[in-house]
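*Asks:* Show me the folded form of this:
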Amino acid sequence: MKTGIVVTFSLIAIALGSLISYNPINLYQSRTFSEQSEILIPRVNDFIEQEKTKYLYVGAEKCASVCHNNEKMGYQFNIWNSSPHKDAFNILVSKKGRRFAKQAHLSENPQESKICLKCHVTGGDLDSSYFAATYKKEDGVTCEECHKQISDGKTYLPVEADCLKCHNDSLHKTHKFNFKEDSARILHKRPKVLLPE
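*Replies:* Model (predicted):
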């Protein structure tokens, strides 16, 4: 009986001894500085990878130069270039734009107000890190606003909810938006390709 108690206490002492000798602080302190910093500081490569996945708005002229200003594509850039979306930024300093800014109690220049730019410029509520060198806010509402981030090669067609983010009288009164009619006015489909017989 005494032997069993001695064995039990010995096992408990061994277990406690190993717990006491294990010191996570000493284990952490035995690491080199670079090993410690990897735990605490994000790696530069993580930031680079994040930047690679961040979409950069390129602007309408880039879209035109790559694909969208030729016969095969139906000269889509030219259609956009003569649309009200093209002048969305410039209208902010027009008589009408100044009137809307006054009604909204804006004291700042509408062309610099994130409140206005949110709808009058593609990516207008984002900081400059989202824009490629080819991007120009003066282009107003461009291809990338309606067709989203098309870097994956897929064509995205806007739905009514996309348009209503701006065409909803949130800051100032606009004409009553009718998705079917209004989207038809700016339609720029690719021409149908006739297959040889």
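*Asks:* Assign Glu145 to helix, strand or coil.
*Replies:* helix (DSSP: H, G, I helix; E, B strand; the rest coil).
*Asks:* Name the nearest residue to it, sequence neighbours excluded.
*Replies:* Residue nearest to Glu145 in three dimensions, not counting chain neighbours: Thr122, with 4.0 Å by Cβ to Cβ, 6 or more residues apart in numbering. C-beta here means a position set from N, CA and C on the backbone, and glycine is covered the same way.
*Asks:* What is the burial count for that neighbour?
*Replies:* 25 (other Cβ atoms under 10 Å).
*Asks:* now swap in Leu117 and tell me
*Replies:* Going by other Cβ under 10 Å, the residues that sit close to Leu117 add up to 20.
*Asks:* So which residues of this protein form strands?
*Replies:* Taking DSSP state E, the chain contains no strands at all.
*Asks:* mind listing the helices for it?
*Replies:* 2-21, 24-29, 33-40, 44-53, 60-63, 76-81, 95-103, 114-120, 143-146, 160-164, 179-185 (DSSP state H).
*Asks:* Output the contacting helices and strands for the last one.
*Replies:* In this case it means helix 179-185. helix 160-164 (3 or more Cβ pairs under 8 Å, 6 or more residues apart in numbering; DSSP states H and E).
*Asks:* CA atoms only: put the helix it packs on into PDB for me.
*Replies:* Taking Å, rounded to 0.1, in the frame of the first residue of the first chain, the C-alpha atoms of helix 160-164 are listed here in PDB:
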ATOM      1  CA  GLU A 160     -31.200  47.800 -61.600                       C
ATOM      2  CA  ALA A 161     -29.700  47.700 -58.100                       C
ATOM      3  CA  ASP A 162     -26.300  48.800 -59.500                       C
ATOM      4  CA  CYS A 163     -27.900  51.900 -61.200                       C
ATOM      5  CA  LEU A 164     -30.000  52.800 -58.200                       C
END
